[in-house]
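K.L.:
build me a model from this:
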Amino acid sequence: MAKRILIGWELGGGLGHLVQIRMLAREFLERGFEVLVAVASPRNGAQIFWSERNRRNFTLLRTPSMGLGLQTSIAAEPPVTFADLLYLRGFGDRHLLAATTAIWRNLLREIKPDLVVSDFSPLLNLAARGLVPLIVVGNGYMIPPNDRPLPPIGPWISEIPLYSQRHEDEILDAVRSLPRPADTSPIARLGELFHGSETFLCTFPEFDPYQQFSRRYYYTPFNIPEFSNPPILAERPSEAVFVYLPGDHPSLPVLLEIFSMLERRCTLYAPGIDSQLKASYARFGHQVLESPADLSDVLMRVGLTVHHAGLAMVHAALFAGVPQLLLPLALEHVVTARGMRQFGACAAFSGVALIDKAKLLEVCHVLLTDADARMTANAASRMAISRTTGTLQVIVDTCCQMM
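P.N.:
Sure thing, here's the model as predicted:
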């Protein structure tokens, strides 16, 4: 009888999680395992998993919901540590926490997986403790240290405010109040919720907000297309631009004006974009996508990509050797943009600069036309490719050994 694997994803947005899960599911299926996938966004999950070319024999489930969306925008108390984000999500509510963890435990007892693979799923990790072997896969942001109180997400932040400490204490008390298997001990640090029997940190150190703390090993990100030998920008139609932003991003109207002024055409993917703004982009000759772009294709045909600094997109453009204009809104993405600056061939804006037409126009022009920017992007691509680790096979092999 085939071994059964549950892959789960709870928190976060963007397509990077789904692409990562799909790649893991494919490998497990190729090796003859039965695969069940629990995703936080069933609609996007169906898009990713059930297209004709990706149709496979697996079960798609919905992740138990905490009932609140993960909020990373500035609130009355700006998030400084991961405890603040969890608190905004409702992790300080003992009843909500108990109910959601119980749903996970009941699901685990019902489907009886031989192994759980977790992507940004702290409550699945908690539920699996003492019940089933657990592998955690994620990036630096999603896997905070588990040997100390949660540090600031922003490496430039030197002091943790009292409200962040209070949030961490309240969540820890709530987690420790939950029933647990008799042979398990209560968690000592909140970061333990983001680690498993084996934990794979899939990013480069430059993008890890907790790099200064003792990290054992970094694995190359694998939720991106394979760009083993991308053509240099001089061999591409460098007048084209790829834009991937949330539909409510404040820069979208300004970018439309900028592309008209520069006489450049873009391919735009902006899920949830206003219908009138979408029509305006189409009217000016830009291609507006209804579904996610094939990055292995589109990044080979552009001279610039503009996005909100989601880590998967940053990784993909880095490997593809494409200059990047980064327009982050959330703290997580500000940290990622900061890391990308260490590789060069990018520019980043946040705050009011997101809608500063003069600044954005100047930077777009430089990134599209400057020979040094192209050379830097190509050099960064070669360096990233030289640091590859065969991550997917290492993870799958480790999973096989644990079963």
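K.L.:
quick one: low-confidence residue ranges for this structure.
P.N.:
41-56, 66-76, 214, 228-238 (pLDDT under 70).
K.L.:
could you chop it up by domain?
P.N.:
Residue ranges for each domain of the chain read 4-220+388-402, 233-386, as given by automatic domain parsing.
K.L.:
got TSV for those domains, with mean neighbour count and distance to residue 227 too?
P.N.:
All C-beta spots, glycine's among them, are computed from the backbone N, C-alpha and C. Output for the domains of the chain, formatted as TSV (neighbours: other CB atoms under 10 Å; distance: least, CB to CB, whole Å):
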stretch	mean neighbour count	distance to residue 227
domain 4-220+388-402	18	10
domain 233-386	19	4
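K.L.:
so which of those domains gets nearest residue 226?
P.N.:
Comparison of these against residue 226 by CB to CB identifies domain 233-386 as nearest, at 7.5 Å.
K.L.:
distance from the closest one to the middle of the chain?
P.N.:
17 Å (CA atoms, centre = their mean, to the nearest Å).
K.L.:
now do the closest residue to residue 189 other than its chain neighbours against residue 116, distance only.
P.N.:
Leaving aside its sequence neighbours, residue 189 sits nearest to residue 146 (CB to CB, 6 or more residues apart in numbering; 5.4 Å). For residue 146, the distance to residue 116 equals 17 Å [CB to CB, to the nearest Å].
K.L.:
could you dump the domains of the chain into a markdown table and include distance to residue 226?
P.N.:
Below are these laid out as a markdown table (distance: least, CB to CB, whole Å):
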| stretch | distance to residue 226 |
| --- | --- |
| domain 4-220+388-402 | 9 |
| domain 233-386 | 7 |
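K.L.:
on that earlier part again, what sits against the residue nearest to residue 189?
P.N.:
Contacts for residue 146 (CB atoms under 8 Å, 6 or more residues apart in numbering) come out as 189, 191, 192, 194, 195.
K.L.:
same thing with residue 127?
P.N.:
When contacts are counted by CB under 8 Å, 6+ apart, residue 127 touches 101, 104, 105, 108.
K.L.:
quick one: which of these is nearest residue 206?
P.N.:
Proximity of the contacts of residue 127 to residue 206, judged by CB to CB, is greatest for residue 104, which lies at 33.6 Å.
K.L.:
how close does that closest one sit to residue 113?
P.N.:
From residue 104 to residue 113 the distance is 12 Å (CB to CB).
K.L.:
ditto for residue 385
P.N.:
According to CB to CB, residue 385 stands 35 Å off from residue 113.
K.L.:
and if you look at residue 352?
P.N.:
Taking CB to CB, one finds residue 352 at 48 Å from residue 113.
K.L.:
residue 324 too?
P.N.:
Separation of residue 324 from residue 113 (CB to CB): 39 Å.
K.L.:
ok, now residue 292?
P.N.:
28 Å.
K.L.:
secondary structure class for residue 347?
P.N.:
Here residue 347 is recorded as strand under DSSP: H, G, I helix; E, B strand; the rest coil.
K.L.:
give the contact list for it.
P.N.:
Contact analysis of residue 347 by CB under 8 Å, 6+ apart lists 324, 325, 326, 363, 366, 367.
K.L.:
ok, the residue nearest to the last one when sequence neighbours are not counted - contacts?
P.N.:
Read that as residue 367. Of all residues not flanking residue 367 in the chain, residue 323 sits nearest, at 4.3 Å (CB to CB, 6+ apart). Counting by CB under 8 Å, 6+ apart, residue 323 makes contact with 233, 303, 304, 305, 345, 346, 367, 368, 373, 374, 376, 377.
K.L.:
is residue 163 in contact with residue 77, as I believe?
P.N.:
Yes - using CB atoms under 8 Å, residue 163 is in contact with residue 77, at 4.9 Å.
K.L.:
which residues do these two both contact?
P.N.:
What both residue 163 and residue 77 touch, as defined by CB under 8 Å, 6+ apart, is the set residue 84.
K.L.:
quick one: the helices in this structure?
P.N.:
Using DSSP state H, the helices found in the chain span residues 16-30, 42-49, 82-89, 94-111, 122-128, 162-176, 252-262, 275-283, 295-298, 311-320, 331-341, 357-369, 371-386, 391-402.
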